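A.B. asks: Show me the folded form of this:
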Amino acid sequence: MKIRINGNSVRFRLTRSDVKQLAITALLEEKVDFGGQSLIYAIRLGNGKDLTSSFQNSTITLFMPERMIGELADTDAVGFENRNGDLRLLVEKDFTCMDNVAEDQSDNYPNPLGKNFYEQGD
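C.D. replies: Predicted coordinates:
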């Protein structure tokens, strides 16, 4: 799972195994160690009908309804978006990059704009 923060927007990008784990356990969590402090970012099952979020104890939490988790896991849905006050929240599947990058992308979803999209399968 990756997060991208830009202005008043937080985007969570999920690999295939992230989506699978979220569908099974209703929880994803990562931690960045800054030496004496850590930043934790997580997705948890939410009770509402929309994406919501909180930031407490150095933890960014995105709450995602069960319906959205199921759609992400079981359909071709790419992601979901909502506003939580002024904060824009997004969660989406992480597609392979079209450019050459150094990171391992073997667990990413095939990019629908890529020439090998139909050859890569799920």
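
A.B. asks: Return stretch 15-30 as CSV; C-alpha atoms alone will do.
C.D. replies: Written as CSV, here are the backbone C-alpha positions of stretch 15-30 (Å, rounded to 0.1, in the frame of the first residue of the first chain):
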residue,chain,number,x,y,z
THR,A,15,-1.7,-3.7,-5.1
ARG,A,16,-3.5,-7.0,-5.8
SER,A,17,-2.3,-8.6,-2.5
ASP,A,18,-3.3,-5.4,-0.6
VAL,A,19,-6.9,-5.7,-2.0
LYS,A,20,-7.0,-9.4,-1.2
GLN,A,21,-5.8,-8.8,2.4
LEU,A,22,-8.3,-6.0,2.9
ALA,A,23,-11.1,-8.2,1.6
ILE,A,24,-10.1,-11.0,4.0
THR,A,25,-9.1,-9.1,7.2
ALA,A,26,-10.8,-5.6,6.7
LEU,A,27,-7.5,-4.0,7.7
LEU,A,28,-4.3,-2.8,6.0
GLU,A,29,-1.6,-1.0,7.9
GLU,A,30,1.9,0.3,7.1
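
A.B. asks: who's in contact with the nearest residue to T59 once chain neighbours are set aside?
C.D. replies: Spatial nearest neighbour of T59, chain neighbours left out: I40 (4.2 Å); criterion: CB to CB, 6 or more residues apart in numbering. For every residue, glycine as well, the C-beta is placed using N, CA and C. Listed by CB atoms under 8 Å, 6 or more residues apart in numbering, the contact partners of I40 are E29, E30, K31, V32, S58, T59, I60.

A.B. asks: One more pass at 7 Å, please.
C.D. replies: By CB atoms under 7 Å, 6 or more residues apart in numbering, I40 lies in contact with E29, K31, S58, T59.
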